[in-house]
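Novice: Fold the following for me, if possible:
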Amino acid sequence: MRSGFSLVELSIVLVILGLLTGGILGGQSLIRAAELRSVTTEFSRYITATQTFRDKYFALPGDMTNATAFWGKDATNCNAQPGNAGTPGTCNGDGNGQLQPAAAAGLTGEINQYWKQLALAGLIEGTYSGLAGASGHRDAVLGTNSPRSKLGPAGYSIEWGGTITGNANPVLYDGTYNNYYIFGGQQVSVPPEAPVIKPEEAWNIDTKMDDGRARTGNVKPFYRYNYLANVCANATDEYNLNNSSNQCNLAFVSGF
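Specialist: I've put the predicted structure just below:
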């Protein structure tokens, strides 16, 4: 006598498999949605931390001219500066309000000391070197001299952009940036500007935080290849919502 599954039993198995698959896919969507929400939360946290720092120390972190008086100096990387050596110590900035990169790879830079001093002040989590990475004067090494994001392999950097007009900078759309955050994936020798999110996800973040338009407002795509080829957003200021691949990263204007 042969034994096997009846049609009813097979149907039950298929239904169970369908429910499991749907649950897995639904769970993945929920995780991704939470990661996207974390970007908004992280940006808000850094802005609040910076404002709190300025209220307490009357300077921007990284740009502060007397940071070594509070946390001691990094005797290895800025020993000529005033103050006693500290552990881990920090380095002073020039006080001009513009967060600038290091002079060369491996040296202290205001864009790196920004994160270190926020952490030394107890305003953000993490421990940061305050130094440019080994591959260049703007080299951001996520988790070492700049923070990681909860979204995948992404992270943050910050630097001075000033006002961009006439497409003078092939990386940024026109506008006033001043000190702005760069959000994207790890790159070699430069800030984290690799594309890590889909255009629809970039639009989602932009809409929640700003105006939902690519070229205007305080949230914009930042990536030189996107800018030139209109991959993340098109020439009419709209995100390419039908593009389902990771083609975007973002610039967040800080307001300081």
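Novice: what about the helix or strand hosting residue 53, average pLDDT?
Specialist: According to DSSP states H and E, residue 53 maps onto helix 7-57. Helix 7-57 carries an average pLDDT of 78.
Novice: Point out where this protein drops to low pLDDT.
Specialist: 1-28, 167-170, 224-229 (pLDDT under 70).
Novice: ok, which stretches of it are strands?
Specialist: 154-164, 175-185, 219-221, 250-253 (DSSP state E).
Novice: Determine which stretch of the ones you listed is the most buried.
Specialist: strand 219-221 (a mean of 26; mean count of other C-beta atoms under 10 Å). Where you see a C-beta, it was placed from the backbone N, CA and C, and this is true even at glycine.
Novice: mind giving me the domain ranges of this structure?
Specialist: Per automatic domain parsing, the structural domains of the chain span 59-147, 153-256.
Novice: Quick one: end-to-end distance for the shortest one.
Specialist: It stands for domain 59-147. Taking C-alpha to C-alpha, to the nearest Å, the first and last residues of domain 59-147 lie 21 Å apart.
Novice: how far is that domain from where the chain is centred?
Specialist: Counting by C-alpha atoms, centre = their mean, to the nearest Å, domain 59-147 is centred 18 Å from the centre of its parent chain.
Novice: Same check on the last one?
Specialist: For domain 153-256, the separation from the chain centroid amounts to 11 Å (computed by C-alpha atoms, centre = their mean).
Novice: okay, the strands of the chain in TSV with distance to residue 134 next?
Specialist: Formatted as TSV, the strands of the chain follow (distance: least, C-beta to C-beta, whole Å):
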stretch	distance to residue 134
strand 154-164	16
strand 175-185	18
strand 219-221	28
strand 250-253	25
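Novice: Nearest to residue 41 among the domains of the chain would be which one?
Specialist: Distance to residue 41, taken as C-beta to C-beta, is lowest for domain 153-256 among those, at 10.6 Å.
Novice: before we move on, back to that, for the domains of the chain, could you give me TSV that also reports distance to residue 47?
Specialist: As requested, the domains of the chain are exported to TSV (distance: least, C-beta to C-beta, whole Å):
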stretch	distance to residue 47
domain 59-147	11
domain 153-256	6
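Novice: Minimum distance to residue 36: which of these has it?
Specialist: domain 153-256 (5.8 Å).
Novice: Next, the distance between the ends of that closest one.
Specialist: Start-to-end, domain 153-256 (C-alpha to C-alpha) is 27 Å.
Novice: got it, and stretch 243-256?
Specialist: 33 Å.
Novice: same deal with stretch 136-152?
Specialist: Using C-alpha to C-alpha, the two ends of stretch 136-152 sit 24 Å apart.
Novice: Check stretch 190-205 too.
Specialist: By C-alpha to C-alpha, the extent of stretch 190-205 from end to end equals 23 Å.
Novice: how close does the residue nearest to residue 78 when sequence neighbours are not counted get to residue 44?
Specialist: With C-beta to C-beta, 6 or more residues apart in numbering as the measure, residue 91 is the residue that lies nearest to residue 78, at 3.8 Å, once sequence neighbours are left out. Going from residue 91 to residue 44 by C-beta to C-beta, to the nearest Å gives 27 Å.
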